[in-house]
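Engineer: Pasted the sequence and its predicted model underneath.
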Protein chains: 2
Amino acid sequence: MCARPISIIPVPGMPRVKKGDDLGSLIVGAVAAASITLHDSDVLVITQKVISKAEGRILHLADVTVGRRAAKIAAGLGKDPRVVQVVLAEAKRIVRMGHGVIITETKHGFVCANSGVDQSNVEEGFVTLLPENPDLSARRVRDFIMKKTHKRVAVVITDTFGRPWREGQVDVAIGCCGIKPTRDYEGVVDPYGYTLRVTEPALVDAVAAAAQLAMGKLDMVPVTIVRGLSYEESEEGIRAVLRKRELDLFR
Amino acid sequence: MCARPISIIPVPGMPRVKKGDDLGSLIVGAVAAASITLHDSDVLVITQKVISKAEGRILHLADVTVGRRAAKIAAGLGKDPRVVQVVLAEAKRIVRMGHGVIITETKHGFVCANSGVDQSNVEEGFVTLLPENPDLSARRVRDFIMKKTHKRVAVVITDTFGRPWREGQVDVAIGCCGIKPTRDYEGVVDPYGYTLRVTEPALVDAVAAAAQLAMGKLDMVPVTIVRGLSYEESEEGIRAVLRKRELDLFR
């Protein structure tokens, strides 16, 4: 890995995305309309929200039947019981609750607030859910873009997660295709002769955070291009950055 | 906050840093030698390692006297007792132990592995400690650079931290000067009319992760410039992203 400049290029002009839209096609259109030419090795970073919308991962809260457990938790936390019901339905287990927050492990294995269920940037009365299989979502967009543009790109899908111990959120990867999620330096010897042991940068998460810098939260810029990054092509997907439960000190 | 392209520019040619070196001067020299011209609003991202070296925050393990508590913990975890002694001396408290790792809360309030004590990229038999006051370290470098170049820059000091739930490390900010550490969207109304509640991007952490993309772990590139970022100037320092203990679900 050689130090080299990186560009983070927001793609303006994406339309509001609705169920059934072909995201790959919308992205290729927006890229062209912005007079951006894709390069080989560009990484397209796409926020979860537009993926979820295109895939119809949206629920109308009026349609949600609240169970007893959700009602009880909602009362304790001061949250909308319908939202809590959806959060529980999307969760494999609850990791922690308190301070008005439910930290869950999702069916995918992500540990995050509210199972990724979100009320922002969606019509009032609706919530978005995380994509069912974000790696597959990434693959679909990547396949389309590669076919249309003949450029060998990678795709990273991101969501905004909070963290323990630190205020503020950073974007992390929840799905990827065409990029190895980590860089492995284990066993590599540093310039002082020390053999690195646990140094494995979470490349896709750093990509997600970098893209966040160029995406205005309110500007409807759900797609960003990270250009100039050196990475290995891989199909292994996001599972590589999810810690196994038995190795985790905080679950 | 408007979507705009961002550049991440590594600064090559930094010499090996030793105790007493004037980092600001070394950086200005390396920037000039690389024919890079600083701009107003550039954010200089500097890894902890060179700050710690310049400030003499290095210990010779041969000089460490191991106490009983450190010896016991080291035996349990299979770690070097001298390193454990230093880790404990740098810690305010232990947050978790297991799987060969000690997660501590440092005197600064960072929760991280081994109190930030590190054996990589330093002469054999030595460890580096985190800077005593990374915000002050950032301020010193910033003041020097602004005086020398007459450019209004910000400085972020980073270290590589692991995370719960996710494999791989991302760089985070441990000190900053001249940049507001978070962007505050609380109460802002999104394009669908929903009032954002807990959306506060941890800007300096996203900057740290972005800079990581352009820094080779083994290339001795400890300084990166993030250019084109829109941020507020602020002196508030890193404390703004450290969650208060009583609000933390994982301490």
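Structural biologist: Looks like it arrived, so ask away. Residues are numbered from 1 along each chain as shown, chains lettered A, B, ... in the order given.

Engineer: Let's see the pLDDT reported for A:R197.
Structural biologist: Confidence at A:R197, expressed as pLDDT, is 58.

Engineer: Following the chain onward from the helix or strand where A:I46 lies, which element is next?
Structural biologist: Take DSSP states H and E as the rule and A:I46 turns out to sit in strand A:43-47. Using DSSP H and E, the next helix or strand after strand A:43-47 towards the C-terminus is helix A:48-54.

Engineer: partner strands of the next helix or strand after that next one, parallel or antiparallel?
Structural biologist: Counting by DSSP H and E, the element after helix A:48-54 in chain order, helix or strand, is strand A:58-60. For strand A:58-60, the paired strands and their directions (DSSP bridges) are strand A:126-128 (antiparallel).

Engineer: pLDDT at A:K148, what is it?
Structural biologist: According to the predicted model, the pLDDT of A:K148 comes to 97.

Engineer: my bad, should have said A:L77
Structural biologist: pLDDT, A:L77: 93.

Engineer: That one reaches A:G100, doesn't it?
Structural biologist: Yes: with contact taken as C-beta atoms under 8 Å, A:L77 and A:G100 are classed as touching, separated by 5.3 Å. (Glycine included, C-beta is placed from N, CA and C.)

Engineer: Specify which residue of the two has the higher count of neighbours.
Structural biologist: Between A:L77 and A:G100, A:L77 has the larger neighbour count (other C-beta atoms under 10 Å in any protein chain shown), namely 16 against 12.

Engineer: Could you measure from the residue most central in space within chain A over to A:V117?
Structural biologist: When chain A is reduced to its mean C-alpha position, the nearest residue by C-alpha atoms, centre = their mean turns out to be A:T158, at 2.1 Å. Using C-beta to C-beta, to the nearest Å, A:T158 is found at 16 Å from A:V117.

Engineer: right, and A:S230 touches A:R4 too?
Structural biologist: Yes: proximity of A:S230 to A:R4 meets the contact threshold set by C-beta under 8 Å, at 6.8 Å.

Engineer: which residues make contact with the strand holding A:I46 from outside it?
Structural biologist: Contacts of strand A:43-47 from elsewhere in the structure, counted by C-beta atoms under 8 Å, 6 or more residues apart in numbering or on different chains, are A:23, A:27, A:138, A:141-142, A:145, A:153-159, A:171, A:179, A:207-208, A:211, A:215, A:222-227, A:229, A:231.

Engineer: Neighbouring strands - and their directions - for that strand?
Structural biologist: Neighbouring strands of strand A:43-47 in its sheet, by DSSP bridges, are strand A:154-161 (parallel), strand A:223-227 (antiparallel).

Engineer: how about those in TSV, adding distance to A:D40 and mean pLDDT?
Structural biologist: Rendered in TSV, the data for those read as follows (distance: least, C-beta to C-beta, whole Å; pLDDT from 0 to 100):
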stretch	distance to A:D40	mean pLDDT
strand A:154-161	10	96
strand A:223-227	10	98
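
Engineer: okay, those strands, which one's buried deepest?
Structural biologist: Among the strands paired with strand A:43-47, judged by mean count of other C-beta atoms under 10 Å in any protein chain shown, the one packed with the most neighbours on average is strand A:154-161 (a mean of 26).

Engineer: Tell me which residues touch A:H108, please.
Structural biologist: Contacts for A:H108 were tallied using C-beta under 8 Å, 6+ apart; they are A:L130, A:N133, A:P134, A:I174, A:I238, A:L242.

Engineer: Next, the contact list for the third one, please.
Structural biologist: To tie it back to what came earlier, the one meant is A:P134. So A:P134 contacts A:Q48, A:I51, A:H108, A:I157, A:I174, A:G175, A:I238 (C-beta under 8 Å, 6+ apart).

Engineer: just the fourth one next, same as before
Structural biologist: Contact criterion C-beta under 8 Å, 6+ apart gives A:Q48, A:H108, A:F110, A:G116, A:L130, A:P131, A:P134, A:I157, A:T158, A:D159, A:I238 as the residues in contact with A:I174.

Engineer: swap in the last one?
Structural biologist: Taking C-beta under 8 Å, 6+ apart as the definition of contact, the neighbours of A:L242 are A:H108, A:G109, A:F110, B:W165, B:R166, B:E167.

Engineer: So what does it look like in phi/psi?
Structural biologist: According to degrees, to the nearest 10, the main-chain angles of A:L242 amount to phi -90, psi 120.

Engineer: related to what we said a few turns ago, check the contacts of A:H108 against chain B and report the nearest one.
Structural biologist: Chain B has its nearest neighbour among those in A:L242, at 6.5 Å by C-beta to the nearest C-beta.

Engineer: follow-up on the earlier one: between all of the contacts of A:I174, which two are separated the most?
Structural biologist: Using C-beta to C-beta, the two most remote members of these are A:H108 and A:T158, lying 13.9 Å apart.

Engineer: thinking again about what came up before, between the contacts of A:L242, which sits nearest A:L249?
Structural biologist: Within the contacts of A:L242, the smallest distance to A:L249 is 9.8 Å, found for B:W165 (C-beta to C-beta).

Engineer: Skipping adjacent residues, who's closest to the closest one in space?
Structural biologist: Across the structure, with C-beta to C-beta, 6 or more residues apart in numbering or on different chains as the measure, the residue nearest B:W165 apart from its sequence neighbours is A:V111 (4.0 Å).

Engineer: residues in contact with the residue nearest to A:E90 when sequence neighbours are not counted?
Structural biologist: Leaving aside its sequence neighbours, A:E90 sits nearest to A:S115 (C-beta to C-beta, 6+ apart; 3.6 Å). Residues in contact with A:S115, defined by C-beta under 8 Å, 6+ apart, are A:V86, A:V87, A:L88, A:E90, A:A91, A:I102, A:T104, A:T106, A:L129, A:L130.

Engineer: rerun that using 10 Å as the cut-off
Structural biologist: Shown in contact with A:S115 (C-beta atoms under 10 Å, 6 or more residues apart in numbering or on different chains): A:86-92, A:94, A:102-108, A:129-130.

Engineer: returning to what we had before: of all the contacts of A:P134, which comes closest to chain B?
Structural biologist: Of all the contacts of A:P134, the one sitting nearest chain B is A:I238; the distance, using C-beta to the nearest C-beta, is 9.8 Å.

Engineer: can you count the residues close to that closest one?
Structural biologist: For A:I238, the neighbour count with other C-beta under 10 Å is 25.

Engineer: Looks like it contacts A:K180 (just checking).
Structural biologist: No: the criterion here is C-beta atoms under 10 Å, and A:I238 misses it with A:K180 at 11.4 Å.
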